[in-house]
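A.B. asks: just a sequence and a predicted model for now, questions to come.
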Amino acid sequence: MEPMDIVGKSKEDVSLPKATMCKIIKEMLPPDVRVARDAQDLLVECCVATYMFVLSEFINLISSESNEVCSREEKRTIAPEHVLKALEVLGFGDYIEEVYAAYEQHKLETLDSPRGGKWSGVEMTEEEALVEQQRMFAEARARMNGANIPKQSDSDRSMDR
């Protein structure tokens, strides 16, 4: 398994700005030293490989500790709180506030997404929701009693509003 497969990216998907990397390489060397193009390319590839390895190890470390925290609480599913606690336990407490803010932002962004939940994007007043609920109950009761009440179509519902 490639290290970046963990977060959904392969080595080919990850890159660093080549021009910037070459500039950094040149700045680190004495002015009279030249670096061949293929040596620069190799150094950039080494940086990408190192980045991928470090990221993979970091994810593994956080995941393992999150699992430990989860197990100590006798839970079966790792929750965001477990990850935050794992960061603290591992000495990354300075990042917790920033990670939590990113998590909150993620929740806001995914709230309106198609996967955000059954009712995401539905805008109904409380009265409309109550009327809809009563209609659905009446349909269910009718089905349970064997009557065949036709379901109200979406276009009919929009006219009711």
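C.D. replies: The structure has been received and is ready for your questions.

A.B. asks: ok, Leu79 - contacts?
C.D. replies: No, residue 79 isn't Leu; it's Ala. Cys70 (Cβ atoms under 8 Å, 6 or more residues apart in numbering). (C-beta placed from N, C-alpha, C; glycine too.)

A.B. asks: okay, now the unreliable bits of this structure?
C.D. replies: For the chain, the stretches with pLDDT under 70 are 1-15, 112-122, 147-161.

A.B. asks: can you show me the helices along it?
C.D. replies: Here the chain has its helices, by DSSP state H, at 18-28, 37-72, 80-89, 96-111, 126-144, 154-160.

A.B. asks: a markdown table please, covering these and showing mean neighbour count.
C.D. replies: Formatted as a markdown table, the helices of the chain follow (neighbours: other Cβ atoms under 10 Å):
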| stretch | mean neighbour count |
| --- | --- |
| helix 18-28 | 12 |
| helix 37-72 | 14 |
| helix 80-89 | 18 |
| helix 96-111 | 12 |
| helix 126-144 | 12 |
| helix 154-160 | 9 |
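
A.B. asks: residues contacting Val69?
C.D. replies: 82, 85-86, 89.

A.B. asks: which one of these is nearest to Leu43?
C.D. replies: Among these, Ala86 lies closest to Leu43 (Cβ to Cβ), at 33.7 Å.

A.B. asks: pretty sure that closest one contacts Phe58?
C.D. replies: No - here Ala86 lies out of contact with Phe58, judged by Cβ atoms under 8 Å, at a distance of 11.4 Å.

A.B. asks: distance check, Ser64 against Val54.
C.D. replies: Separation of Ser64 from Val54 (Cβ to Cβ, to the nearest Å) stands at 16 Å.

A.B. asks: where's the residue sitting nearest the centre point of the chain relative to Val99, distance?
C.D. replies: When Cα atoms, centre = their mean is applied to the chain, the residue found nearest the centroid is His106 (6.9 Å). According to Cβ to Cβ, His106 and Val99 sit 10 Å apart.

A.B. asks: how about Ile78?
C.D. replies: 14 Å.

A.B. asks: for Glu57, what are its contacts?
C.D. replies: Counted by Cβ under 8 Å, 6+ apart, Glu57 has zero contacts.

A.B. asks: check Lys18 too.
C.D. replies: Lys18 neighbours (Cβ under 8 Å, 6+ apart): Val44.

A.B. asks: likewise the one 4 residues further on?
C.D. replies: Taking Cβ under 8 Å, 6+ apart as the definition of contact, the neighbours of Cys22 are 40, 44.
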